[in-house]
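J.: Kindly return the folded structure for what I paste below:
(one chain, ligands or ions: 3)
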Amino acid sequence: MLLAIDCGNTNTVFSIWDGTRFLCTLRTSTEHQRTADQYFVWFKTLLAHHGIDAKINAVVISSTVPRVVFNLRVLSDRYFNCRPLVVGKPDCRLPVDVRVDAGTQVGPDRLVNTVAGYDLYGGDLIIVDFGTATTFDVVDHDGAYIGGVIAPGVNLSLQALHEAAAALPHIDVTKPDRVIGTNTVDCMQSGVFWGYVGLIDGICERIKAERGRAMKVIATGGLAPLFQQGTDMFDMFEDDLTMHGLTVIHEHNKEG
Ligand SMILES: Nc1ncnc2c1ncn2[C@@H]1O[C@H](COP(=O)(O)OP(=O)(O)O)[C@@H](O)[C@H]1O
Ligand SMILES: CC(C)(COP(=O)(O)O)[C@@H](O)C(=O)NCCC(=O)O
Ligand SMILES: [K+]
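T.: Residues are numbered from 1 along each chain as shown. Ligands and ions are numbered 1, 2, ... in the order given. Predicted coordinates for the structure are as follows:
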């Protein structure tokens with residue numbers, strides 16, 4: 001079975017793929033200090049809790065945090081007796097081209113999203129991923145990653161507002177009923193929610209205009225369903241887009 005690991009700047013997700021479906025998905029915070037032994041205790045405990053007996057014999061990793069990869073490599077080697085495939089490393093082949101400025105290190109999550117989007121929906125895509133940062137990945141007609149947009153993530157924006165302004169509390173993002181807030185929290189929620197809706201609509205419109213062609217927009221990431229309530233820009237919502245891309249990349253590299 002395949003263990004697919006998607007490590008973002010905030011959370012690290014482990015999913016077990018049996019070749020047909022994901023048996024379970026486990027989430028932990030991203031910390032580069034976490035050792036291979038710590039990962040394994042956490043992993044084993046939760047698998048036992050869910051009653052899953054998984055024989056892992058392959059590992060594929062996408063990490064936006066380079067420092068965590070070392071301990072994940074040790075985990076693969078020590079506990080699963082295999083060498084992990086790490087997206088973005090020279091020995092990991094991708095089924096799509098990457099057409100960006102020479103020397104650019106594209107976030108592996110964005111490459112994986114591109115592969116997944118192209119596999120599921122073909123080319124001419126905009127993939128919006130709500131993570132620590134909100135990324136817009138642009139996929140050409142032939143599946144190539146051709147660049148995109150990086151915007152501050154929703155929670156990062158709220159955190160920055162709270163940290164920079166003494167009178168603004170820490171709040172969670174929700175959809176306010178009205179645009180005009182009549183108290184501090186409602187005003188902040190409106191700024192972030194409707195501001196973000198404007199950002200999503202504006203950036204997708206401008207990408208489409210710049211490309212001069214019809215494009216499908218796929219949304220992914222935990223906050224995507226919330227923003228779907230404020231915009232009709234998303235054609236599809238995919239919860240497991242990155243995980244799906246990791247399985248496609250694993251298959252592609254098996255094929256020799
Ligand atoms: N369903 C959700 N509802 C509310 N906040 C969420 C949800 N999913 C993720 N978040 C928040 O969004 C931010 C980004 O999380 P995540 O998508 O795991 O980012 P990354 O992939 O960059 O690690 C975090 O602050 C997380 O707490
Ligand atoms: C833009 C990102 C920080 C998003 O990461 P995430 O929100 O998933 O943690 C990551 O894709 C990254 O570090 N990219 C490198 C620069 C680039 O993609 O061009
Ligand atoms: K992201």
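
J.: How many neighbouring residues does the closest residue to residue 221 other than its chain neighbours have?
T.: Nearest residue to residue 221 in three dimensions, chain neighbours excluded: residue 130, at 3.3 Å (C-beta to C-beta, 6 or more residues apart in numbering). Yep, even glycine has a C-beta here, placed from its N, CA and C like the rest. Applying other C-beta atoms under 10 Å, we find 22 residues neighbouring residue 130.

J.: Confirm for me that residue 130 is in contact with residue 234.
T.: No. Using C-beta atoms under 8 Å, residue 130 and residue 234 do not qualify as a contacting pair, with a distance of 11.1 Å.

J.: hey, what's in contact with both of the two?
T.: With contacts taken as C-beta atoms under 8 Å, 6 or more residues apart in numbering, residue 130 and residue 234 have 219, 224, 227 as neighbours in common.

J.: Quick check: of these, which lies closest to residue 252?
T.: residue 219 (24.6 Å; C-beta to C-beta).

J.: count of neighbours near that closest one?
T.: Residue 219 has 24 neighbours, counted by other C-beta under 10 Å.

J.: Check the one 3 residues further on too.
T.: For residue 222, the neighbour count with other C-beta under 10 Å is 14.

J.: Can you tell me the closest non-neighbouring residue to it?
T.: Residue 222 sits nearest to residue 130 (C-beta to C-beta, 6+ apart), 6.4 Å away.

J.: Could you pull up the mean pLDDT of stretch 167-184?
T.: In this model, stretch 167-184 has a mean pLDDT of 96.

J.: Does that stretch reach ligand 1?
T.: No. Stretch 167-184 stays clear of ligand 1 (C-beta under 6 Å from any ligand atom), getting no nearer than 7.0 Å.

J.: any idea how the chain splits into domains?
T.: 2-86, 108-245 (the TED database).

J.: Endpoint to endpoint, the shortest one covers what distance?
T.: Going back to what we said before, that points to domain 2-86. Length of domain 2-86, first residue to last, C-alpha to C-alpha, to the nearest Å: 13 Å.
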